[in-house]
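Trainee: just to be clear, the model below is a prediction. Sequence and coordinates:
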Amino acid sequence: MIIKYAKLIKEARLKKGFSQFDLALKLGISRTSYISIEQGKRELTIGEFKKLSDILGISFNELEGGESPNYEKYKQMMLAFLRTEKNISKTKLAKLMYLADAGWFYYHLQSMSGMQYRKIQYGPVADSYFRILDELYENGQIEIEQTKDGAMLVSQTRAGAKNSLSEIKKEESELIKNIGKKWKDKKTKEIVEFTHNQLPYLCANDNDVISIGLITQEDPHEYY
């Protein structure tokens, strides 16, 4: 049986520009042992898991799950939603992102972005959501404004509007537009309550990564 995270490790290594020898040296193992890891023939120890997570910039749960997130696509999905509604609260935007990935999973058995989502108080939320939001803000592609009642509203800047959405396919774009249209006039509280009552969220323990596959037990037409 090929270990599920083997392919992800190889892809992340190549993206970072490391050789197999480089990572073997950083892990304190022989190159032969490292090659066995990439071939899916050798399990990682907990210590090696943690080291690779830091070296490759992949969260422990993403590495364990074996699915490679597309961070650029995730950013573009955010901008796509901000083109369907001028101002969206941080919490609502996180839920819209989840619905896009869950909706895509319903028909294709994989999420649109490859992100994993965690059960937190206002979840489900992707582990990298706030970091990527900060990156978009620092790059001048979005603005974040706090309202009098404390809500954080996110809007797209002119620079963000010019950003290409090349990672998003036509069918994916249609799904995002349909979800945006469905929830455009809904309050943040409504979308939070909705996602909290779906099986992926209900069946997860607090702070655990949710099983998005359970979305196939729900009716997709309820959320787009």
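Mentor: Looks like it arrived, so ask away.
Trainee: any buried residues in the helix ranked longest in the chain, and which?
Mentor: With secondary structure taken from DSSP state H, the chain has its longest helix at helix 90-108. Along helix 90-108, the positions that meet the burial threshold by neighbour count (16 or more other CB atoms under 10 Å) are 90-106. C-beta coordinates here come from the backbone N, C-alpha and C atoms, glycine included.
Trainee: what strand or helix carries Val154?
Mentor: When secondary structure is defined using DSSP states H and E, the element that contains Val154 is strand 152-156.
Trainee: may I have that strand as CSV, with CA atoms only?
Mentor: What follows is the C-alpha trace of strand 152-156 in CSV, where atoms were taken according to Å, rounded to 0.1, in the frame of the first residue of the first chain:
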residue,chain,number,x,y,z
MET,A,152,-14.6,43.1,10.2
LEU,A,153,-15.7,43.8,6.7
VAL,A,154,-13.6,42.7,3.7
SER,A,155,-13.7,44.4,0.3
GLN,A,156,-11.7,44.2,-2.9
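Trainee: could we number from 33 for the rest of this?
Mentor: With the count now opening at 33, the last piece we talked about shows up as strand 184-188.
Trainee: tell me how far it is from the chain's mean position?
Mentor: Taking the mean of its C-alpha atoms, strand 184-188 sits 19 Å from the chain's own mean (CA atoms, centre = their mean, to the nearest Å).
Trainee: what's the angle from it to helix 122-140?
Mentor: 60 degrees (axes from the mean of the first three to the mean of the last three CA atoms, to 10 degrees).
Trainee: I figured Glu117 was touching Gly212, is that so?
Mentor: Yes. Taking contacts as CB atoms under 8 Å, Glu117 lies within contact range of Gly212: 6.1 Å.
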